[in-house]
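In: build me a model from this:
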Amino acid sequence: MSAPRLAILGPGRLGQGLGLALRRRGFAVTLWGRRAREVPPPLVLSLGPVGDAVSGAEIVLLAVPDDAITSVATELAASGALDRRHVVLHLSGLLDRSALAPLEGSGAALGSFHPLQTIADAGTAAERLRGAYAAVEGDPEAIAAAERLAATLRLTPLRLDAGAKAAYHAGATMVANYAVALMGVASRLAERAGVAPELANRIYLPLLNGAAANLAEMTPAAALTGPLRRGDTETIEAHLAALEPSERPLYRELGLAALVLARQSGLDEAAARRVERALGVPARKRVAG
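Out: Alright, predicted model coming up:
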């Protein structure tokens, strides 16, 4: 049996990472881009017409930025290279099948396939993807192909309705991007406390890893620790006093999100009210557990 044939349009880190991972699994991969750039072997970058890159493929992955998906789909439609033998999947976490609307008349099965993992290094993509989830939606044939890709990459497929992707992707952004942003804030606070800059970026990593390990074994409410969980208002007030005025709103908003979990995990209502007062929540905005 010949190797499955797949075309990846977009030679960025995710496109390269998926290309390398699928090559390891026996796929014949064509990687296409608009301009010359270095790609890791054994991948070879095709710079010819996009129709030539996809004509021999069974599955086409659009690994391009969200705002380029529809324009690339339009280019593919104009090439006439796709038909009912093809499956086309874009990799956006936010957009759904409708981003591929220009290809409606081609007969190809259309959908989306979003690996829920950050890929900073294409060479380690196969290892990073293993055990993660992948959101899939679209035409039945596209979903089936996406789930086969997920199984090949050792991902767990997660079927979503098209209208649910924005909420799903907002959660992904909070976890992947905002956690990094919070580490940046924490590093600045560590420096303010006198920690050397070269250490400030590292001292909280074991703590973050420990929290992630807890979350792998229990719910967020059960994994919550710290002053919010204990109802320790003196500590909360000391934190707020140590922060700059511009930093306090972030602490307060995150504190309120943590307070929801604390209530779920058993913090009594009197203590929760005291925490709200310590966070500076006006009485008219306080919510009973």
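
In: which helix in this protein has the most residues?
Out: Taking DSSP state H as the criterion, the chain has its longest helix at helix 248-264.

In: how about low-confidence regions in this structure?
Out: 1-2, 283-289 (pLDDT under 70).

In: could you rerun that using 50?
Out: Segments of the chain classed as low confidence (criterion: pLDDT under 50) are 284, 289.

In: count the neighbours of A186 for me.
Out: 16 (other C-beta atoms under 10 Å). Any C-beta I mention is one placed from the backbone N, CA and C, and that applies to glycine too.

In: assign a three-state SS to it, would you?
Out: Secondary structure assignment for A186 (DSSP: H, G, I helix; E, B strand; the rest coil): helix.

In: and the nearest residue to it once chain neighbours are set aside, how far from G131?
Out: Of all residues not flanking A186 in the chain, Y204 sits nearest, at 5.1 Å (C-beta to C-beta, 6 or more residues apart in numbering). To G131, Y204 is 24 Å away according to C-beta to C-beta, to the nearest Å.

In: more crowded one of these two?
Out: Taking neighbours as other C-beta under 10 Å, Y204 and G131 compare with Y204 leading, 16 against 10.

In: can you map out the strands along the stretch 151-289 of the chain?
Out: 156-159 (DSSP state E, counting those that start in this stretch).

In: mind listing the helices for the stretch 151-289 of the chain?
Out: With helices called from DSSP state H, counting those that start in this stretch, the stretch 151-289 of the chain shows them at 165-173, 179-192, 197-200, 205-215, 220-223, 227-230, 233-242, 248-264, 269-279.

In: let me see the domain layout of the chain.
Out: As given by automatic domain parsing, the domain ranges for the chain are 5-160, 167-285.

In: what residues does stretch 253-270 touch?
Out: Applying C-beta atoms under 8 Å, 6 or more residues apart in numbering, the contact partners of stretch 253-270 are 220-222, 224, 226, 228-229, 231, 236, 272, 275-276, 279, 281, 288-289.

In: give the buried residues for that stretch.
Out: For stretch 253-270, a neighbour-count test (16 or more other C-beta atoms under 10 Å) marks G255, L256, A258, L259, V260, L261, A262, R263, S265, L267 as buried.

In: alright, calling it a day.
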